[in-house]
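J.: Turn this into a structure:
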Amino acid sequence: MGLREKRKAETRERIVKAAIECFTEHGFNGASTRDIAKSAGVGQGLVTYHFESKEVLWKTAVTQVYESLPTPPSFDADSVKTKADAKAALMVYLRQFADNCLNGPNMPMFLYHQGSQPDEKLSWMLDEHLMPSLESLRPLYEAALQVKAIKPIPFINFSFSLLAVVNTHFALHNVYQHISGEDPKDATTADKLLQTILDMMTVD
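T.: Numbering: from 1, shown residues only. Below is the predicted model:
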């Protein structure tokens with residue numbers, strides 16, 4: 001990559017980073033390309049040079065947020081032979097999701113903002129990113145269901161409810177800490193919260 005191409009790539013990355021911050025704070029409608037350009041330290045013309053529209057920039061920002069998340073932990077369905085096995089595997093999954101919420105809060109904020117504005121952008125985000133993310137939990141759900149470790153509820157209800165509760169406690173950790181006096185960033189508190197959440201969805 002030549003110097004010119006390198007500078008273009010760096011500028012584009014600065015714009016995307018600024019867009020993530022602005023869209024996270026203000027949502028799609030509340031963030032302007034002028035604000036994004038100012039946050040990135042570039043002229044507004046450079047934003048339109050790199051991205052043909054604000055929606056294209058928004059989709060690029062959303063995609064980068066999702067792609068920055070760690071790959072879900074690998075899972076071997078044959079390893080789940082008992083309820084204890086299923087619960088242990090679910091806890092590993094939940095710990096990583098909780099960590100994603102703590103260290104990458106942009107993801108839930110994109111959902112919160114766009115969820116109040118049902119349109120093509122919300123459909124795109126759900127189809128391209130959220131649903132594939134939820135599907136990564138399906139093999140573990142089916143294995144846990146097989147050994148009767150979880151309550152027999154439809155997959156979409158199980159996955160959405162489970163991850164939504166984790167999201168609420170960890171992405172909004174400041175709210176939980178203010179109300180409870182306990183910090184979800186603390187490992188002991190996090191484990192206690194995750195165990196409580198898991199207990200709500202599993203059976204003895």
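
J.: Pop the domain breakdown of the chain in here.
T.: Domain assignment for the chain by automatic domain parsing gives 3-67, 77-201.

J.: And Asp76, how far from Asp85?
T.: 10 Å (C-beta to C-beta, to the nearest Å). The C-beta positions use only the backbone N, C-alpha and C, and glycine is treated the same way.

J.: Which strands or helices does the helix or strand of the chain with the lowest mean pLDDT pack on?
T.: Lowest mean confidence among the helices and strands of the chain (mean pLDDT, DSSP states H and E): helix 106-115, at a mean of 79. Applying 3 or more C-beta pairs under 8 Å, 6 or more residues apart in numbering; DSSP states H and E, we find helix 106-115 packed against helix 3-30, helix 54-67, helix 83-103, helix 120-125.

J.: pLDDT (mean, whole number) over the first one?
T.: Confidence over helix 3-30 (mean pLDDT, whole number) is 91.

J.: Report the central residue of the chain.
T.: Met107 (3.9 Å; C-alpha atoms, centre = their mean).

J.: In the chain, where is pLDDT below threshold?
T.: 1, 105 (pLDDT under 70).

J.: Check the contact between Val65 and Asn106; I expect there is one.
T.: Yes: contact criterion C-beta atoms under 8 Å: Val65 and Asn106 qualify, at 4.6 Å.

J.: Common neighbours of these two, please.
T.: Contact criterion C-beta atoms under 8 Å, 6 or more residues apart in numbering; residues shared by Val65 and Asn106: Ile20.

J.: burial measure for Glu67, as a count.
T.: Neighbour count of Glu67, defined by other C-beta atoms under 10 Å: 8.

J.: and the gap between it and Val56?
T.: Distance of Glu67 to Val56, given as C-beta to C-beta: 16 Å.

J.: In stretch 121-129, which residues are buried?
T.: Across stretch 121-129, burial judged by 16 or more other C-beta atoms under 10 Å covers Lys121, Leu122, Met125, Leu126, His129.

J.: what about the last one, which SS state?
T.: Using DSSP: H, G, I helix; E, B strand; the rest coil, the structure places His129 in helix.

J.: list the contacts for it?
T.: Contacts of His129 (C-beta under 8 Å, 6+ apart): Val62, Thr63, Tyr66.

J.: Tell me, how many residues neighbour the last one?
T.: The tally of other residues near Tyr66 (other C-beta under 10 Å) stands at 18.

J.: Verify the stated contact: it with Asn106.
T.: No: using C-beta under 8 Å, Tyr66 makes no contact with Asn106, being 9.3 Å away.

J.: And for the closest residue to Phe51 other than its chain neighbours, the neighbour number?
T.: Leaving aside its chain neighbours, Phe51 sits nearest to Leu57 (4.1 Å; criterion: C-beta to C-beta, 6 or more residues apart in numbering). Counted by other C-beta under 10 Å, the residues lying close to Leu57 total 25.

J.: doesn't Ile15 make contact with Leu57?
T.: Yes: counting by C-beta under 8 Å, Ile15 is a contact partner of Leu57 at 7.3 Å.
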